[in-house]
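Engineer: Here is the input, now give the coordinates:
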Amino acid sequence: MTLHLHLLSDSTGETLELIAKACLAQFDEIDVVRHLWPMVRSEGHLDRVLDDIERRPGLVLYTLVNSNIRRELEQKTRRRGIHAVSALDPVVDALSVVLNQQAKARPGRQHALDAAYFARVDAIQFSIAHDDGIGSDNWEEADIVLAGVSRTSKTPTSIYLANRGYKVANIPLVPEAPPPTNLFTLKHPLVVGLTTNPERLIQIRRNRLLSLNQAPETDYVDTDAVAAELAFARRLFADNAWPVIDVTRRSIEETAYAIVKLCNERIDAAANGANR
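Structural biologist: Residues are numbered from 1 along each chain as shown. As a prediction, this is how the structure comes out:
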């Protein structure tokens, strides 16, 4: 079964992600496609999000403290036949009763300027400084290294992961310019290969050239040249036993979730090995 799970928040959405992860662990054989909608603080933004949710219906989990936005969400999801659940209401209501206090309507108050916040800032700075093959001398400091041919969503995926505290470097794989040799000797980072369908890649590249007012027909979009690039990347992935993610039909969020899952599996494997 496939479930589209929409996490809608007026803050970063990290709380929802943790709640969703804990709840989904109770169910088996479900293919979950997560969609994160952070910083929803206006009715116009909410309407755009709901239009997208309606195209990919599923369950909406939300944390919204603004009463007007909440009311709009509840009314509009009900009219559209979308099931929406407030993730924190039962706990907040119980705390209000026990503490005899009214909850403060402050979005994202739990995300104060703590150590985790500054760790995310460091991760973002690192990822920006190590984009597109830059800074290979200290790739060992990264948590994740993404490798793939041009236009396989390496940079946006890196930034998305950095916003969740992962230091990410990424490198384009070009047959004419082999990557630095230290890429193949990294110990700490998880190296992940990103690939895609050649026809889709050509379409993305051609659109990119047109947006830059460049000639739309070059080796960059030549069928044989693109096939050779992807084959070169696949050989590197296989030779080094790197996990590979096909981004053809994945959003940035879905790709990032798949990478985080690989990271968690690696950590679990290391922990299990240490306990033997």
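Engineer: What ranges does this structure have for its helices?
Structural biologist: Remark: helices assigned in the chain by DSSP state H are 14-24, 43-55, 67-80, 89-99, 115-129, 154-162, 198-211, 223-239, 252-274.
Engineer: name the helices or strands packed onto the third one?
Structural biologist: I take that to be helix 67-80. helix 43-55, strand 59-63, strand 83-86 (3 or more Cβ pairs under 8 Å, 6 or more residues apart in numbering; DSSP states H and E). Yep, even glycine has a C-beta here, placed from its N, CA and C like the rest.
Engineer: I'd like the helices of the chain as a markdown table, with distance to Pro179 and mean pLDDT appended.
Structural biologist: Compiled in a markdown table, the helices of the chain are given as follows (distance: least, Cβ to Cβ, whole Å; pLDDT from 0 to 100):
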| stretch | distance to Pro179 | mean pLDDT |
| --- | --- | --- |
| helix 14-24 | 32 | 85 |
| helix 43-55 | 37 | 90 |
| helix 67-80 | 46 | 89 |
| helix 89-99 | 48 | 77 |
| helix 115-129 | 18 | 86 |
| helix 154-162 | 13 | 95 |
| helix 198-211 | 19 | 92 |
| helix 223-239 | 8 | 97 |
| helix 252-274 | 19 | 87 |
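Engineer: Go through the ones you listed and pick out the most buried.
Structural biologist: helix 154-162 (a mean of 23; mean count of other Cβ atoms under 10 Å).
Engineer: Tell me which of the helices and strands packed on helix 67-80 approaches Asp132 most closely.
Structural biologist: Closest to Asp132 of the helices and strands packed on helix 67-80 is helix 43-55 (Cβ to Cβ; 29.5 Å).
Engineer: one step back: can you say which of the helices and strands packed on helix 67-80 is nearest to Pro216?
Structural biologist: Nearest to Pro216, of the helices and strands packed on helix 67-80 and by Cβ to Cβ, is helix 43-55 at 29.5 Å.
Engineer: what separates that closest one from the chain centre, distance-wise?
Structural biologist: Taking Cα atoms, centre = their mean, to the nearest Å, one finds helix 43-55 lying 20 Å from the centre of the chain it belongs to.
Engineer: elements contacting that helix?
Structural biologist: strand 2-9, strand 31-37, helix 67-80.
Engineer: looking at the helices and strands packed on helix 67-80, which is closest to Val149?
Structural biologist: Of all the helices and strands packed on helix 67-80, helix 43-55 comes closest under Cβ to Cβ, at 28.6 Å.
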